[in-house]
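**Student:** I would like the atomic coordinates for the input below:
(chains A and B, ligands or ions: 2)
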Amino acid sequence: MSDRTGSGYLAEVSGLRAGYDGGAVLEGVSFRVEPGVRIGVLGPNGGGKSTLFRVLLGELAPLGGSVDVRGRCGFVPQTERSRLDYPVSALDVALMGTLSRIPWWRRPGRFERQRALEALETVGLGKLAGRQFGELSGGQRQRVLIARALVQDARLLLLDEPFNGLDQPSSRLLGSLLDRLAAEGRSVMVATHDAGQVRGWDLVLCLNGRQVAFGEPESTLSRRVLEATYGGEVMVLPGNGSGRDSAILAPYHHDEVAEEHRREHGR
Amino acid sequence: MNVAVQLWHALVEPWTQDIMQRALAEVVLMGVVGGALGCWIIFYQVSYSAESLSHALFPGLVVAALLGLPLLFGAGAGAAVAAVAIAIFGRNPEVGRDTAVAAVVSALFGLGAVLALSPGSPPGIEELLFGDILGVSRLDLLLAAGLAVVVLVSLCLLHRQFLAVGFDRSTARSIGGSPTLADVSLLVLVALAVLVAVQGLGSLLVVAVLVGPAATARLLVREMVPMMILATALALLSGIIGLYLSYYVGMAGGASIAGAIVAVYLAALAGDALRRMTGAGRARRQRLEEV
Ligand SMILES: Nc1ncnc2c1ncn2[C@@H]1O[C@H](COP(=O)(O)OP(=O)(O)OP(=O)(O)O)[C@@H](O)[C@H]1O
Ligand SMILES: [Mg+2]
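**Tutor:** Ligands and ions are numbered 1, 2, ... in the order given. Okay, here's the model as predicted:
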């Protein structure tokens, strides 16, 4: 968590409006990402988390405001759409991270392979480097994609709901991996529905068609903010001894709530 | 002893002839191009585009034959016309790309047939449809060799780009890949490969060498580069089998090559099914041990 105030930020977004042909689905987003922070991105289904990531990646042009991303951005998508019969090993996928790092006509050499192996090692998959990508479990595939981002030397990693579908040991593994990446000075932005987990991170960004709040979890995740984020459909659970409450989503209604919210705001 | 000598003689004899040497050279060119490129055609699912393209350039072949030009020039011009026509008609949202391709391809193919069957045209429409591998000229070969080199060099240069985009195009841009670059260059390479192989296999059969060997190799190996090498080897094998058939049995060259490609594919398919049945249990046990 080095240097949160200096000008060496990795990304700065201000007054962002983003959306698709049908109009804006996200607006009023302003935040800054310093090196070495873990940022939780909370929001209901349809709240705009994936949309924000697409803007940061440069895949979706903002409708308004400014987006300044410095350095490389790595990405682990929400639903990974690679074909499982595609003829690549975990190592091959990690090596794809060299695509923009070495001239595009060159083949990866010994140095790049070493890097890719180390990255797989880092995500705990050193032993499975030669395994066919499609034969890995969902959680392992996700970590291969993180390794690919490490090979790419991404300073900012965007992970879209990476904890979905992970069992507890895998979740813990991924959680401590994120901690380690942040300790190295990389920043991670993680879209998630687990407000409790976000409390252990450095910053939280709450989205619900607009930016509800941005700041340190302790002071930011008040009941009021959570209700505004999830549209009043929050089940509050007692926190685990930290004296704060954890919030968990009620499992439905969120799309409707988000729609309603949007309608109220004149869209 | 005597039998072995005779067999050897029978195997070698065809290649002492000029015509067969040129046919073999064409088989090598289309095998190398078709095998390697075919793997990308399969994983990018552009077999239909390759087939459409090879049919749509038919009138170009006919015109070249009428004018006595190298077929490659006709094929190139035909492919260019087809591409432009598809681009123009496909743009109309009411028609849709799919329909536009079908309409343009049938229209062009019909035009080719009309030209080829007109009273003034020289006989030999079959050769344009099914290839004339025994009639390849030295000039044809030189031109095809030039194109083959372009295709192979491009495949080497673009390998990582193709691999990354084909893996997952939705995240390819985040690692510096470009789906547009990959798609466009793949289609250009497919067009060049069609030009290389159309001389030997004709407008109707050319897609066999672009798809068949790669589809076979995919059943047998699970890494891209070995797959490309195996596909090339299978294409060469099928081509040589086809040439023997054509030499000794008198079957049409292009058709016997296409037939050999299909036969090799079916054999691999059967072998794969067999392996699945016997190997499934073993693989599962092995997996359990590794964990
Ligand atoms: N490609 C698209 N075209 C048009 N609208 C879209 C597109 N993708 C998303 N949207 C809309 O944008 C809004 C925000 O979607 P987004 O995917 O960013 O939500 P999210 O916060 O990631 O939700 P989830 O938790 O379900 O992943 C939704 O209302 C959705 O319908
Ligand atoms: Mg999402």
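**Student:** CA atoms for contacts and neighbours, from now on please.
**Tutor:** Fine.
**Student:** tell me which element residue B:32 is part of?
**Tutor:** Assigned by DSSP states H and E, residue B:32 belongs to helix B:18-43.
**Student:** pLDDT (mean, whole number) over whichever helix or strand comes after that helix?
**Tutor:** Next helix or strand after helix B:18-43 toward the C-terminus (DSSP H and E): helix B:47-56. Average pLDDT, helix B:47-56: 89.
**Student:** distance from the chain centre to whichever helix or strand comes after helix B:47-56, please.
**Tutor:** Scanning forward in sequence from helix B:47-56 by DSSP H and E, the next helix or strand is helix B:58-67. Distance of helix B:58-67 from its chain centroid, counting by C-alpha atoms, centre = their mean, to the nearest Å, is 20 Å.
**Student:** what's helix B:58-67 packed up against?
**Tutor:** With contacts defined as 3 or more C-alpha pairs under 8 Å, 6 or more residues apart in numbering or on different chains; DSSP states H and E, the packing partners of helix B:58-67 are helix B:71-91, helix B:97-117, helix B:125-130.
**Student:** now do the buried residues in the shortest one.
**Tutor:** Judged by neighbour count (16 or more other C-alpha atoms under 10 Å in any protein chain shown), helix B:125-130 contains these buried residues: B:125, B:127-130.
**Student:** contacts for it, please.
**Tutor:** If you take C-alpha atoms under 8 Å, 6 or more residues apart in numbering or on different chains as the criterion, helix B:125-130 is touched by B:58, B:61-62, B:116-117, B:199-205, B:254-255.
**Student:** filter those residues down to the buried ones, ChimeraX style.
**Tutor:** Selection of buried members from those for ChimeraX, criterion 16+ other C-alpha under 10 Å:
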select /B:58,61,62,116,199,200,201,202,203,204,205,254,255
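**Student:** wait, does stretch A:25-43 make contact with ligand 1?
**Tutor:** Yes - under the criterion of C-alpha under 6 Å from any ligand atom, ligand 1 is reached by stretch A:25-43 at A:25, A:43.
**Student:** how about that stretch: buried residues?
**Tutor:** Buried residues in stretch A:25-43 (16+ other C-alpha under 10 Å): A:25-43.
**Student:** what of stretch A:178-189?
**Tutor:** Buried positions in stretch A:178-189, judged by neighbour count with 16+ other C-alpha under 10 Å: A:178-179, A:181-183, A:185-189.
**Student:** same question, stretch B:103-123
**Tutor:** B:103-105, B:108-113, B:115-116.
**Student:** now do stretch B:250-262
**Tutor:** Neighbour counts over stretch B:250-262 (16+ other C-alpha under 10 Å) mark B:252-262 as buried.
**Student:** swap in stretch B:182-190?
**Tutor:** Residues of stretch B:182-190 classed as buried: B:182-183, B:185-187, B:189-190 (neighbour count, 16+ other C-alpha under 10 Å).
**Student:** would a markdown table of these with distance to residue B:92 be doable?
**Tutor:** Output for the buried residues of stretch B:182-190, formatted as a markdown table (distance: C-alpha to C-alpha, whole Å):
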| residue | distance to residue B:92 |
| --- | --- |
| B:182 | 24 |
| B:183 | 21 |
| B:185 | 24 |
| B:186 | 24 |
| B:187 | 21 |
| B:189 | 26 |
| B:190 | 25 |
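**Student:** helices of the stretch 101-250 of chain A, residue ranges please.
**Tutor:** A:110-122, A:138-151, A:168-183, A:195-198, A:217-220, A:223-230 (DSSP state H, counting those that start in this stretch).
**Student:** find the nearest non-adjacent residue to residue B:157, please.
**Tutor:** Of all residues not flanking residue B:157 in the chain, residue A:105 sits nearest, at 4.4 Å (C-alpha to C-alpha, 6 or more residues apart in numbering or on different chains).
**Student:** quick one: the one you found and residue B:158 touch, right?
**Tutor:** Yes - in this structure, residue A:105 is within contact of residue B:158 by C-alpha atoms under 8 Å, at 6.6 Å.
**Student:** and residue 93, what pLDDT?
**Tutor:** As the question left the chain open, I've gone with chain A. Here, the pLDDT recorded for residue A:93 equals 94.
**Student:** think we crossed wires, I meant chain B
**Tutor:** At residue B:93, pLDDT is 72.
**Student:** show me what contacts it?
**Tutor:** Counting by C-alpha under 8 Å, 6+ apart, residue B:93 has no contacts.
**Student:** and it, how far from residue B:87?
**Tutor:** Using C-alpha to C-alpha, to the nearest Å, residue B:93 is found at 12 Å from residue B:87.
**Student:** for chain B, what lies in contact range of ligand 1?
**Tutor:** Counting by C-alpha under 6 Å from any ligand atom, no residue of chain B is near ligand 1.
**Student:** now do the contacts for the most centrally placed residue in chain B.
**Tutor:** Closest to where the C-alpha atoms of chain B average out (C-alpha atoms, centre = their mean) is residue B:210, at 2.4 Å. Applying C-alpha under 8 Å, 6+ apart to residue B:210 gives the contacts B:33-35, B:37-38, B:41, B:50, B:193-194.
**Student:** can we see that at 6 Å?
**Tutor:** B:34, B:38 (C-alpha atoms under 6 Å, 6 or more residues apart in numbering or on different chains).
**Student:** got phi/psi on it?
**Tutor:** phi -80, psi -20 (degrees, to the nearest 10).
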